[in-house]
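Sequence first, predicted coordinates after that:
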Amino acid sequence: MIRPTVLSAALWAVLSSPVHAEGAAVADTHDFDRVQVTATRTERAVSDVAATVDVIDREQLDKQLVQDISDLVRYEPGVSVTRSAARFGLGGFRIRGLDGNRVLIQTDGIAMPKSFDIGSFANANRNFTDLETLKRVEIVRGPASSLYGSDALGGVVAFVTKDPADYLADDKNSYAGLKFGYDGDWQGLLGSATMAFGGERWSGMVNVNHRQGQETGNKGDVRTKDYTRTAPNPQERDGRSVLSKLVYAPDENQRFRLTVEGNEDITDTDVYSAVNDKHPTPSARTTTSMTAHDKQTRARVSFAHEMDVLDWAVADSLRWQVYRQDSETTQITNEGRTNGSRRHREFNFDQRVYGAQAQFNKGFQTGGVEHALTWGFDGAWTEVRQKRDGFQVLANGSTSTTILPDAFPVRDFPISKTTELGLYVQDEMRMADGRLSLVPGLRVDHYRLKPEVDAIFREDNPGMEVASLNKTSVSPKLGMVWRFDDEWSLFAGYSHGFRSPPYNDVNLGFTNVMFGYTAIPNPNLKPETSNGLELGMRYLTPAAYVSVSGYWNDYKDFIESQRNVGRNAQGLLVFQSQNISEARIYGAELKAGVDFGELSAALEGWSLRGAVAWAHGQNRTEDVPLDSVDPLRGTVGLMYDRDAWGVELAGTFAQRKSRVADDATYRPAGYGVLDLMGHWEFAPGAQFNVGVFNLADRNYIDWSSITSTLATGSTVIDRYSNPGRTVSASLSVSW
């Protein structure tokens, strides 16, 4: 059998090749032949993984004209993206009914910033990555804390950025490329430029991107400038990103890599939907105008070292990196009031993290069992600062920093410093002549929270004692793959997940005597946990593939923020975050495809793919349906590919949302949508991609787009609808 070190080097060569990264030569219709690294932290084909994993490569990103995270999972049932329709846009991923910070998002192994929102004017999302900088995306469905620690409660979305080797063939030492695009969803214009060079020891690259456009369209046709508006609020969007890498390879078995990455997105919005000065209820008439300026930035620098061949007793290969990542969200809101005053609000949310990671791989044999041992360390030291500020100019011209119930500036939690340390080990044991694989794993995580009270927090919360936190969590897992036939295999897995108590829940603090309430810290919060089981079967041949699986996840100690726990001695209502919720989510997923050309030469070039996901979720604390679970959804695609061109007709179908916690909640109807996409490589290094989406111009709404309460019979339902028929296109040239 092949030793793990040789396998690792061989797969590294595949992953680093221009064909694999850019997908210019061959379209791989077999999802389970693709190589992934996230689910096992080792390079393995998806068919050898005891979990459900999606791999979306650069070729697929280009052919499907993927420009944002919503496009990314357009044809991935069971995974969706949350969205704020009025102002803030795309939020983050939802996997099998869990979203927000319960899904780990990472880029090159570095966790992306967490989200935070409070009130109507503050919403820091997790949409921080420019997809044009990526060579592939890997999605692990279900708990993955045994390898990735906290926040991988619902799953992992792993972004992998491009490398210089992705552009340089063996006989090339330079590369230049340009790409231009148009996204019809938001009338976006996109431009990208890439330069790369390579030599015997040194290589490098720079990728620069710019995008600008307007609001994301919908099917709303009411264009009033007030709360009755169903058309999207007018927006001007502008964004840019840069990815640069410098690689030094002292020999063929090791590489040093310096990465500098940054991105910035700015959105200006006329929030007409918040204007209510003509509301029929006089007491509801508060706002005559509202404009918003939202900006978010992320920058990271990392230094990594990879050694493919070692002669150590504890490791055959090693990869380590150190990094720093800064992110900042600033949101400014200007509001005109019916009483003649003007209000100015500012929200700021900063996260700064330093990190270190090391991973070791060791291959050895005991009797008839081959072992691929993976073990390592993760450490992250984070400082989080959040502040809300503002003032109002009254009708008489005087200025006040009090906008009830707040006396600005305020912090909703103290400056928080967290330490997250994790040790993990996993052994992939292959036996019975390679037919059976057992994969046990274990991770131990330590989480420490240290709050720092400054004058802003203290003034707003006099006498409040904030809480520190020290928690240790143990996350085991066990996976199995049984290849009982050359074409058939069974896989099964158990995995434990956890999420450390968030700083804003531990030390949420505010007191308002006038309104009669206070919020207090909770030093006794426990981590949220999950226990997940998955069982599935795969069939894989040159002509077809099928994977069907079922899963069962039990979640305990979900944290409910700002729970009413009674009154204190001063008669104030007391709010405190507490562990109270238990939930259960189970479901089934199917993925399949067929290459008709393998069945008959007359059908060469034709292929078919499809996927469907169904889930059932229950809030077991209140015995009501879990609203975060998406309805049944499926996709199908019929493709025809030749050497230089191809087309795909893709359909997306969703069932009506039938189970909700409150019967008065609006439930979107089921729908079916067709898309048509084509690509043409009209010259060496030149490719044109075009897509017509929502061919029939249907009016439909995704359940994941409704992130706020929307009642049945609401007059603004179309505000949450998706765009109608749109056209997107891209042109790329390289030399």
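Structure received. Numbers count the residues shown, from 1 in each chain.

A helix includes R223, no?
No. With DSSP: H, G, I helix; E, B strand; the rest coil as the criterion, R223 is assigned coil and is not in a helix.

Which pLDDT value does the model give it?
Listed pLDDT for R223 reads 96.

quick one: it and N233 touch, right?
No. Counting by C-beta atoms under 8 Å, R223 does not reach N233; the two are 10.4 Å apart. In short, each C-beta sits where N, CA and C put it, glycine included.

neighbour-wise, which of those two wins?
Shown here are R223 and N233; by other C-beta atoms under 10 Å, N233 has more neighbours (19 against 12).

Of all the residues in the helix or strand hosting T333, which ones are buried?
Assigned by DSSP states H and E, T333 falls within strand 317-337. Going by neighbour count (16 or more other C-beta atoms under 10 Å), the buried part of strand 317-337 is 317-321, 323, 325-333, 335-337.

what pairs with it, and is each one parallel or antiparallel?
The strands that strand 317-337 pairs with in its sheet are strand 287-307 (antiparallel), strand 342-366 (antiparallel) (by DSSP bridges).

which ones are touching the closest residue to F116 other than its chain neighbours?
Leaving aside its sequence neighbours, F116 sits nearest to A124 (C-beta to C-beta, 6 or more residues apart in numbering; 4.8 Å). Each residue near A124 by C-beta atoms under 8 Å, 6 or more residues apart in numbering is listed here: P113, S115, F116, D117, Q296, T329, Q331, F347, F349.

how many other residues sit next to the third one?
F116: 23 surrounding residues under other C-beta under 10 Å.

my read: it touches N504, true?
Yes. Here F116 reaches N504: they are 6.3 Å apart, a contact under C-beta under 8 Å.

intersection of neighbour lists for those two?
Shared contacts of F116 and N504, counting by C-beta under 8 Å, 6+ apart, come down to Q386.

And S150, how close does it get to A380?
From S150 across to A380, the span is 10 Å (C-beta to C-beta, to the nearest Å).

Equivalent analysis for L436, please.
36 Å.

Confirm that R719 sits in a helix.
Yes. Assessed with three-state DSSP, R719 lies in a helix.

surely it meets N218?
Yes. Between R719 and N218 there is a contact under C-beta under 8 Å: 6.8 Å.

can you list residues touching both of these two?
Listed contacts common to R719 and N218 are A85, T230, A231, P232; contacts here mean C-beta under 8 Å, 6+ apart.

give me phi/psi at the residue nearest to G724 when sequence neighbours are not counted?
In space, G724 comes closest to D697 once its chain neighbours are excluded; the distance is 4.7 Å by C-beta to C-beta, 6+ apart. Dihedral angles of D697 (phi, psi; degrees, to the nearest 10) stand at phi 60, psi 40.

partners of D251 in the sheet?
Residues in beta-bridge contact with D251 (DSSP bridges): Q254.

Distance of it relative to T374?
24 Å.

least confident pick among the contacts of A124?
Among the contacts of A124, D117 has the lowest pLDDT, at 88.

Tell me what Q576 is bridged to.
Beta-bridge partners of Q576, as defined by DSSP bridges: R563.

pLDDT wise, what is V46 at?
pLDDT, read off for V46, is 85.

neighbour count winner among D251 and T374?
Taking other C-beta under 10 Å, D251 and T374 do not tie; T374 has more neighbours (22 against 10).

Make sure that one is actually in contact with Q426.
Yes. Here T374 reaches Q426: they are 4.7 Å apart, a contact under C-beta under 8 Å.

what is in contact with the two at once?
By C-beta under 8 Å, 6+ apart, T374 and Q426 have these common neighbours: T40, R41.

Run a quick neighbour tally on L189.
Counted with other C-beta under 10 Å, L189 comes out at 12.

and it, what are its bridge partners?
Y182, Q212.

mind checking how far G605 is from D643?
G605 is 9 Å from D643, by C-beta to C-beta.

quick one: which of the two has more around it?
A side-by-side neighbour count of G605 and D643, using other C-beta under 10 Å, places G605 first with 14 against 9.

contacting residues around that one?
G597, Y640, D641, R642, G646.

F596 versus that one, what's the distance?
Look at G605 and F596: by C-beta to C-beta, they are 8 Å apart.

what about the nearest residue to W606 once chain neighbours are set aside, how many neighbours?
For W606, ignoring the flanking residues on the chain, the nearest one in space by C-beta to C-beta, 6+ apart is F596 at 4.2 Å. Applying other C-beta under 10 Å, we find 19 residues neighbouring F596.

Also W381?
16.

That one contacts Q351, doesn't it?
No. W381 is beyond contact range of Q351, at 11.6 Å (criterion: C-beta under 8 Å).

Which stretches in the stretch 151-300 of the chain count as strands?
155-161, 174-183, 188-198, 202-214, 235-251, 254-270, 287-307 (DSSP state E, counting those that start in this stretch).

what inclination does the third one have with respect to strand 174-183?
Okay, so that is strand 188-198. Relative orientation of strand 188-198 versus strand 174-183 (axes from the mean of the first three to the mean of the last three C-alpha atoms, to 10 degrees): 170 degrees.

how about strand 188-198: buried residues?
G188, L190, S192, T194, M195, A196, F197, G198.

Now pLDDT and distance to P542 too, for these, in CSV please.
Converted to CSV, the buried residues of strand 188-198 look like this (pLDDT from 0 to 100; distance: C-beta to C-beta, whole Å):
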residue, pLDDT, distance to P542
G188, 95, 39
L190, 97, 37
S192, 97, 35
T194, 97, 34
M195, 97, 39
A196, 97, 34
F197, 96, 38
G198, 93, 34
